[in-house]
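[1] I need the structure of the sequence given here:
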Amino acid sequence: MARSGPTILIQGAGVAGLVTAVTLAERGARVTLHEAGPRIGSGASWFAGGMLAPWCEAEAAPEEVTRDSLDSLAWWADHVACVVRNGSLVVAPPRDQVELTRFGKRTSHFETLGSEAIAELEPDLAGRFDRALFFAEEGHVDPRIALGRLKERLLTLGGHIRLDTSVVNGNFDWVVDCTGIQARGTEPGLRGVRGEMILVRCPDMTLRRPVRMLHPRIPIYIVPREHGIFMVGATMVESDDGREITVRAMSELLNALYTLHPAFAEAEIIEANAGIRPSYPDNVPRVHREGNRISVNGMYRHGFLLSPARAAEVAEIIFTHTT
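    Model prediction:
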């Protein structure tokens, strides 16, 4: 069936661009999604943890981030089949129990568990931690699978996708810039925050949910994926250095992984990468409009968590001003 909604060009096919494209197409817009990279998710989204954890993120994020992300788990569950809703577990080594206490004071919607309850949730962590915080309402998604599913959804809705460096010509009613760090020349205050991650394969370990292990200098998270693969990340460096992962970051991530469980000593490292997260001074993603151009940027570490809310803002602007 032919669509009669507004014509929209979305620049950038990271998580913000894809979620916005699908949101607009579902409301009847005629969407063209343009990505200058070689594939969807060419930027920071490809290296994300994919945690849908509004309550855990409240530990360091402004209240606005928690408020706007409460519906994200439901949005993702409605759009991709790979969402896992087993909650999040937060632990700390014995020497860092003060960090666990501090984390609990800054968050909510969790249950404090003892060693037996931890073992029931995660049998492979039995005997390793005396106390943990369990955020039962949270979930996670494999970013690479999720981005692919959104691509399929957009094409099903009649959207078009261009993957090349050429300029897309045409008279569009609206242009939505979701190019992330590539837009820093036109986005005042936008800065890069470097994040580094590794993927390991460890068939001898099973985790059913993301585990955050606290440390006063470099807290990390371990996110289980399919086929015995785990994503390990959390480095946050105030830099737009585009080099590959550093030796220091790699050693810190691997040491923390071994601290979580010695079985990871035999894990196979299958990928190590670094990406630059686009961030505003307050680390809160935002939407702003100038004429028929809209910017969605500054996703920081909240891309999967906040993209549904920011896409809804874009849709409200467009359909309020489209006659």
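[2] ok, Pro143 - contacts?
    When contacts are counted by CB atoms under 8 Å, 6 or more residues apart in numbering, Pro143 touches 15, 41, 45-50, 304. Heads up, the C-betas are built off the backbone N, CA and C, glycines and all.
[3] Just name the closest of those to Ala256, please.
    Nearest to Ala256 among the contacts of Pro143: Gly49, at 14.2 Å, using CB to CB.
[4] Now do the helices in this protein.
    Listed in chain order, the helices found in the chain under DSSP state H are 15-26, 54-57, 63-69, 72-79, 97-105, 115-121, 143-156, 247-260, 303-320.
[5] if we can go back for a sec, would TSV of the contacts of Pro143 with pLDDT, neighbour count and distance to Ala81 be doable?
    Output for those, formatted as TSV (pLDDT from 0 to 100; neighbours: other CB atoms under 10 Å; distance: CB to CB, whole Å):
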residue	pLDDT	neighbour count	distance to Ala81
Val15	97	31	17
Gly41	85	23	18
Ser45	92	28	19
Trp46	91	18	20
Phe47	91	22	22
Ala48	92	30	18
Gly49	93	24	19
Gly50	94	27	14
Phe304	96	27	16
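[6] Can you pick out the most distant pair from those?
    Taking CB to CB, the two most distant members of these are Gly41 and Gly49; they sit 13.6 Å apart.
[7] picking up where we left off before, as CSV, the helices of the chain with distance to Arg162 would be great.
    Shown next, in CSV, are those (distance: least, CB to CB, whole Å):
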stretch, distance to Arg162
helix 15-26, 12
helix 54-57, 33
helix 63-69, 30
helix 72-79, 22
helix 97-105, 43
helix 115-121, 45
helix 143-156, 12
helix 247-260, 34
helix 303-320, 19
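[8] Check those for me and report the most buried one.
    helix 15-26 (a mean of 27; mean count of other CB atoms under 10 Å).
[9] orientation of that one relative to helix 72-79 in degrees?
    60 degrees (axes from the mean of the first three to the mean of the last three CA atoms, to 10 degrees).
[10] For helix 15-26, which outside residues touch it?
    With CB under 8 Å, 6+ apart as the test, helix 15-26 has contacts from 8, 10-11, 13, 31, 33, 35, 40-41, 45, 48, 79, 143, 146-147, 150-151, 153-154, 157-159, 176, 178-180, 285, 296-297, 299, 303-304, 307-308, 310-312, 314-315, 318.
[11] Then stretch 284-296?
    Contacts to stretch 284-296, defined as CB under 8 Å, 6+ apart, come from residues 16-17, 20, 61-62, 64-65, 172-178, 183, 187, 280, 297-300, 302-303, 306, 310-311, 313-314, 317-318.
[12] Show me the shaky parts of the stretch 1-150 of the chain.
    1-3 (pLDDT under 70).
[13] Kindly recompute the last result at 90.
    1-4, 36-44 (pLDDT under 90).
[14] contacting residues for Tyr300?
    Shown in contact with Tyr300 (CB under 8 Å, 6+ apart): 193, 277-280, 283-285.
[15] repeat that with 6 Å
    Counting by CB atoms under 6 Å, 6 or more residues apart in numbering, Tyr300 makes contact with 277, 279, 283.
[16] All the strands of the stretch 201-323 of the chain, in order from the start?
    With strands called from DSSP state E, counting those that start in this stretch, the stretch 201-323 of the chain shows them at 211-213, 220-224, 229-233, 268-279, 286-290, 293-297.
[17] follow-up on the earlier one: closest one to Val168 among the helices of the chain?
    Set against Val168 and scored by CB to CB, these come closest in helix 15-26, at 13.1 Å.
[18] before we move on, the earlier item: which stretch among the helices of the chain comes nearest Gly127?
    Closest of these to Gly127 is helix 115-121, at 6.9 Å (criterion: CB to CB).
[19] Give me the residues contacting the closest one.
    125-126, 129-130, 132.
[20] The same query, at a cut-off of 7 Å, please.
    Residues from elsewhere that reach helix 115-121 (CB atoms under 7 Å, 6 or more residues apart in numbering): 89, 125-127, 129-130, 132, 134.
[21] Look at Asp241 and say how many residues are nearby.
    12 (other CB atoms under 10 Å).
[22] Many thanks, we can stop here.
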